[in-house]
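1. Fold the following.
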Amino acid sequence: MSHAPERKGRPMTLTRLAEKKALGEPLAMVTAYDYPSAQVAEEAGVDVVLVGDSGAMTVLGYPTTVPVTVDELLMLAAAVRRGLTTPFLVGDLPFGSYEVSDEQAIATAQRFVKEAGCDAVKLERGGTSVQRARAIAEAGIPVMGHVGLTPQTATALGGYRSQGRTAERALDVVRDAVALQEAGCFSIVFEAVPSALTELLMPRMEIPVIGIGAGGATDGQVLVFHDLLGIYDGHAARFVKRYADIRDQMIAGVSAFAEDVRKRRYPEPDHGYTMAPDEIDRLQALLEPSGEPFTGGPSL
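-> A predicted model of the protein is given here:
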C-alpha cells in the first residue's frame with residue numbers, strides 16, 4: 001500500500017483554503033527558504049508555504065529575525081517560487097518594512113508579489129498593523145495576520161515566551177485577532193498561546209487559523225522546515241516536533257567524504273573520466289619539447 005502524499009494537481013487558492021476550513025479539513029503549512037526546500041514542500045503535498053523571516057536565523061545566520069532585509073527575503077522568496085507549483089505561497093514582511101505608513105506597507109507587499117511571485121504576504125501584531133493589513137488588502141494583495149508571540153517584537157513582549165496566559169493579555173490576543181480579521185486578512189497565525197485561549201477564540205474566527213504552539217483547535221498547523229527536519233542547531237521551542245534528524249545525517253555524510261579524501265579512498269576509478277589511448281599518446285607527443293605547445297607567458 002502506497003503512503004505517498006495526495007497530490008491535488010491544481011494550485012491552492014484563497015477559495016480552496018476557505019473551503020477546507022468550512023469542510024473541517026486541516027491545513028498543513030511549512031516554511032521554505034530556497035529552491036530545494038520548496039521542491040520538498042511541493043512533493044510532500046503541503047497546502048501553504050511561508051517564506052518566513054525565520055530564514056534570517058535558519059539560513060542567513062542572524063541571531064534574531066530583526067536584521068533581515070527586504071532584499072534578502074525577496075531573494076529567498078523568488079527561489080522558493082521557482083520550486084513551487086501547487087502550494088499557496090506567502091512572503092513574510094520583515095521588521096521595519098511596513099510599520100511606518102500604509103504607503104510603505106503597500107509598496108513592500110507589492111514587491112513580494114511582483115518580484116518574488118508570492119500569492120500573499122504576512123505581517124505581525126495587532127495595533128497599528130491592523131491598519132497596515134487593511135491598506136494592503138484594499139490594494140488587492142491578500143494578507144495573513146500573526147498574533148500571540150510575534151518574534152519581530154519579542155523584546156517588547158518579554159522575550160520568546162507564550163502570550164495570553166493571563167485573562168487580560170488573552171483579551172489583547174482576542175482583540176488583535178478579531179481586528180485583523182475585520183481588516184480583511186484571509187488567514188491568521190496563532191503562535192505560542194494557551195490551547196484554552198485558542199479554543200475560546202476559534203468560534204469568533206471566520207477565516208482559516210494556522211497554529212504553531214496554539215493547540216489542536218486551529219484550522220491547521222505550521223512548523224519551520226529546519227525545525228521539523230532537525231536541520232537547525234539553535235534552540236527548539238516547546239511546540240516543535242522533530243520528524244527527522246537531517247543535520248546529524250548531513251554531518252555524517254560530509255565527515256565520511258572528508259575521511260575518504262584524506263585516506264585517498266575518493267575518487268575511485270568509477271568517478272573519473274576516460275581518454276582514448278591514442279589521444280593520450282598524441283597528448284604526450286604534444287607535451288614533448290619538440291612539440292612546442294607552450295610559448296612561454298606568465299606562470300603561477
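
2. name the helices or strands packed onto the helix or strand L286 falls within?
-> Assigned by DSSP states H and E, L286 falls within helix 277-287. Packing partners of helix 277-287 (3 or more C-beta pairs under 8 Å, 6 or more residues apart in numbering; DSSP states H and E): none among the helices and strands. In this view, the C-beta of every residue, glycine as well, is placed from N, C-alpha and C.

3. so for it, what's the average pLDDT?
-> For helix 277-287, the mean per-residue pLDDT is 94.

4. how far is it from where the chain is centred?
-> Distance of helix 277-287 from the chain centroid (C-alpha atoms, centre = their mean, to the nearest Å) equals 53 Å.

5. Mind exporting the C-alpha coordinates of it to CSV?
-> Only the C-alpha atoms of helix 277-287 are listed here, as CSV (Å, rounded to 0.1, in the frame of the first residue of the first chain):
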residue,chain,number,x,y,z
PRO,A,277,44.7,5.6,-25.6
ASP,A,278,45.6,7.1,-29.0
GLU,A,279,44.6,10.6,-27.7
ILE,A,280,46.8,10.0,-24.6
ASP,A,281,49.7,9.2,-27.0
ARG,A,282,49.1,12.3,-29.0
LEU,A,283,49.0,14.5,-25.9
GLN,A,284,52.3,13.0,-24.7
ALA,A,285,53.8,13.9,-28.1
LEU,A,286,52.5,17.4,-27.9
LEU,A,287,53.9,17.8,-24.4
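
6. so where is the stretch 51-200 of the chain shaky, pLDDT-wise?
-> 151, 153-164 (pLDDT under 70).

7. At which residues are the strands of it located?
-> All strands of the stretch 51-200 of the chain, identified by DSSP state E, counting those that start in this stretch, fall at 88-92, 120-122, 143-148, 187-191.

8. Also the stretch 201-300 of the chain?
-> Using DSSP E, counting those that start in this stretch, strands in the stretch 201-300 of the chain cover 209-212, 220-223.

9. For the first one, name the packing helices and strands.
-> Read that as strand 209-212. Checked by 3+ C-beta pairs under 8 Å, 6+ apart, strand 209-212 has strand 187-191, strand 220-223 packed alongside it.

10. Return the most buried member of those strands.
-> Sort the helices and strands packed on strand 209-212 by mean neighbour count, taking mean count of other C-beta atoms under 10 Å, and strand 187-191 sits at the top with a mean of 27.

11. List the strands paired with that strand, with their directions.
-> strand 143-148 (parallel), strand 209-212 (parallel) (DSSP bridges).

12. re the thing from before, turn the strands of the stretch 51-200 of the chain into JSON lines, including distance to V222.
-> Converted to JSON lines, these look like this (distance: least, C-beta to C-beta, whole Å):
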{"stretch": "strand 88-92", "distance to V222": "10"}
{"stretch": "strand 120-122", "distance to V222": "11"}
{"stretch": "strand 143-148", "distance to V222": "10"}
{"stretch": "strand 187-191", "distance to V222": "7"}
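
13. Out of those, which is closest to T166?
-> Among those, strand 143-148 comes nearest to T166, with 13.5 Å by C-beta to C-beta.

14. Alpha carbons of the closest one, in CSV - could you do that?
-> Only the C-alpha atoms of strand 143-148 are listed here, as CSV (Å, rounded to 0.1, in the frame of the first residue of the first chain):
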residue,chain,number,x,y,z
VAL,A,143,-2.7,39.4,3.8
MET,A,144,-2.1,36.9,6.6
GLY,A,145,-2.0,38.2,10.1
HIS,A,146,0.0,36.9,13.1
VAL,A,147,-0.9,37.2,16.8
GLY,A,148,0.4,35.9,20.1
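
15. Perfect, I'm done here.
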